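**Q** I would like the atomic coordinates for the input below:
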Amino acid sequence: MAFAYGAALVSVLNMKSHPDNFFYRIQFGLILGVICLQKSIGFLWAIFALIFYLVFFKIDKQKLGVIEARRLKLKLGGVFATIIVVITGSWNIYCNVYNRSTYLTQEMANSFGMSFSDQVQHIKDHIYIIPLFLKIIFLKEMNCSSFYPELKWNGLNLSPFAFILFAYILCFLMSKNNVDGVKTVWRFSVVVNLLYALILLWSYLFMFYRELSPERLAHLQNMTSHYYEPAICGMIMCVYGVALQNRNSLNIKHWSSPYHNFFIIGFITLLLVNIPMVFVFSFNNNFVKSYYEVPAEQRKKYSAEIKDMVEQIKKVDDPNNARVVICEKQSSGSDDTFRFCLLHYEVSPISTVDYIGELNMETLSDLISKNHCGYAYIANSYSDTEELFYDFFGDDFKFDTLIKLEGRKFEHAR
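**A** This is a model prediction of the structure:
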């Protein structure tokens, strides 16, 4: 998404440099569609890219006249806005029809429906998130390695604020050479970064607050790295695009050479990427295992473990549209990742939600309702609390058996 957003901004730069080239208009529209389909928050980045088009792109007024040029620009903007609305809307309709909507997005929407006093009270209850967020923005490296704390070096890694400052310094230096468009890029990035920082903070306060605590700074740092990357990467790609298009005024004509471009892109990559983590995940990663990297005997063992579970889950009425919550009390340790990956493969295309840990009425109700599950599978490892499940599901409840939830008259899963 970060590269797609950056590509959208660069596409606008190309439209301005080649206003009669229809290719860049098609390219921009296609990229907007891709961004919207990548993730729910892609809609926001597509809107930011559309705003950049409206403030940056200019049509030759001498050639068409002021009114006609303005009309053409708005027509194109309407087409791009329609692409965003149609793709996002159709995808949301599909998700709602097949119960694939995420509860986090729904919580974000619900937060705007709260009364002002409730919003203020909620912020007061989770006020500790604000100083943590500011600490990460100003002081913590963008790409942290909390999964591998033994890594003492994170590459040429800066904090989000340092990245922003780095881009603004480049804009300031280019403005001294009267580079066309750099002031617009600078002002746009200031507005986007401030606005997006507020949106991100709001999402932490109202969407992700259950996952956050003062002791979980590394988790918040990971999330910020994940969600802030489009703002940073897009801004740097845009600044670099402006520099390339103004090579003559910057006296950097030799930058047209591919070797210099590779050097600059390599330098930006060093800034944006946690280099040690690249090597860890490429050559020494024990966290993600390929099916074929696991010894045959171990694969056979896992397949035997989940055989009965797979047979039960495959009893669903409509595999393409079903979702099953699978609850197990005991964890198998470091093999959970591979075991669940194998389970997902075996029951495909059935969608599953995995849960390991203690259960109570509230947790079970949330798992079912917030994940839109139509079926449940409760492992026998919960046999010491079986009364809970008889109360929840009814007298016909059985462990290690697929339970169909549709039409049941219990209120807990509503």
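**Q** now the strands for the chain?
**A** For the chain, the strands defined by DSSP state E cover 323-328, 351-356, 375-378, 402-404.
**Q** the lengthiest helix in the chain: which residues count as buried?
**A** Taking DSSP state H as the criterion, the chain has its longest helix at helix 66-97. Within helix 66-97, the residues that count as buried by 16 or more other CB atoms under 10 Å are 69, 73, 76, 80-81, 83-84, 87-88, 91. C-beta here means a position set from N, CA and C on the backbone, and glycine is covered the same way.
**Q** report pLDDT for L9.
**A** Listed pLDDT for L9 reads 94.
**Q** just checking, it touches A49?
**A** Yes: using CB atoms under 8 Å, L9 is in contact with A49, at 6.3 Å.
**Q** about what we covered before: counting contacts, what elements does the longest helix of the chain pack onto?
**A** helix 22-38, helix 42-56, helix 61-64 (3 or more CB pairs under 8 Å, 6 or more residues apart in numbering; DSSP states H and E).
**Q** and the strands of the chain as a markdown table, adding distance to L367?
**A** Formatted as a markdown table, these follow (distance: least, CB to CB, whole Å):
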| stretch | distance to L367 |
| --- | --- |
| strand 323-328 | 5 |
| strand 351-356 | 6 |
| strand 375-378 | 8 |
| strand 402-404 | 13 |
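**Q** mean pLDDT for the ones you listed: which is lowest?
**A** Among the strands of the chain, strand 351-356 scores lowest, at a mean of 84.
**Q** list the buried ones in that strand?
**A** In strand 351-356, counting by 16+ other CB under 10 Å, buried: 351-353.
**Q** pLDDT at the residue nearest to A8 when sequence neighbours are not counted, what is it?
**A** In space, and not counting its chain neighbours, A8 is closest to A49: 3.9 Å by CB to CB, 6 or more residues apart in numbering. What the model reports as pLDDT for A49 is 94.
**Q** can you map out the helices along the stretch 201-350 of the chain?
**A** In the stretch 201-350 of the chain, the helices defined using DSSP state H, counting those that start in this stretch lie at 217-245, 258-272, 275-283, 296-313, 336-347.
**Q** quick one: closest of those helices to F208.
**A** Of all the helices of the stretch 201-350 of the chain, helix 217-245 sits nearest to F208, with 6.7 Å by CB to CB.
**Q** domain ranges for this protein?
**A** Per automatic domain parsing, the structural domains of the chain span 1-101, 114-285, 293-404.
**Q** flag the helix or strand of this structure with the lowest per-element mean pLDDT.
**A** Using mean pLDDT, DSSP states H and E, helix 61-64 stands out as the lowest-scoring helix or strand of the chain, at a mean of 59.
**Q** for the stretch 51-200 of the chain, which spans come out with low pLDDT?
**A** 59-65, 98-106, 143-156 (pLDDT under 70).
**Q** err, the stretch 251-400 of the chain, not the other one
**A** Low-confidence segments of the stretch 251-400 of the chain, defined by pLDDT under 70: 251-261, 272, 274, 276-277, 279-299, 330-338.
**Q** one step back: check contacts around the residue nearest to A8.
**A** Residues counted as contacts of A49 (CB atoms under 8 Å, 6 or more residues apart in numbering) are 5, 8-9, 12, 28, 31-32, 35.
**Q** again, but for Y377
**A** So Y377 contacts 309, 312-313, 324-327, 400-403 (CB under 8 Å, 6+ apart).
**Q** any chance of CSV for the residues you listed, columns distance to L364 and neighbour count?
**A** Compiled in CSV, the contacts of Y377 are given as follows (distance: CB to CB, whole Å; neighbours: other CB atoms under 10 Å):
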residue, distance to L364, neighbour count
M309, 18, 20
Q312, 18, 18
I313, 18, 21
V324, 14, 26
V325, 8, 22
I326, 12, 23
C327, 7, 21
D400, 16, 12
T401, 16, 14
L402, 16, 18
I403, 11, 22
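**Q** could these go into CSV alongside distance to L200?
**A** As requested, these are exported to CSV (distance: CB to CB, whole Å):
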residue, distance to L200
M309, 39
Q312, 41
I313, 37
V324, 33
V325, 29
I326, 32
C327, 32
D400, 42
T401, 43
L402, 40
I403, 39
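**Q** tell me the one among those nearest to I368.
**A** Nearest to I368 among the contacts of Y377 is V325, at 5.9 Å by CB to CB.
**Q** give me the beta-bridge partners of the closest one?
**A** When bridges are called by DSSP bridges, V325 pairs up with V353, A376.
**Q** I'd say it and I368 touch.
**A** Yes: between V325 and I368 there is a contact under CB under 8 Å: 5.9 Å.
**Q** what's the overlap in contacts for these two?
**A** Common contacts of V325 and I368, defined by CB under 8 Å, 6+ apart, comprise A376.
**Q** adding distance to L343, write the buried residues of helix 66-97 out as TSV.
**A** Converted to TSV, those look like this (distance: CB to CB, whole Å):
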residue	distance to L343
A69	59
K73	52
L76	48
F80	42
A81	42
I83	38
I84	37
I87	32
T88	32
W91	27
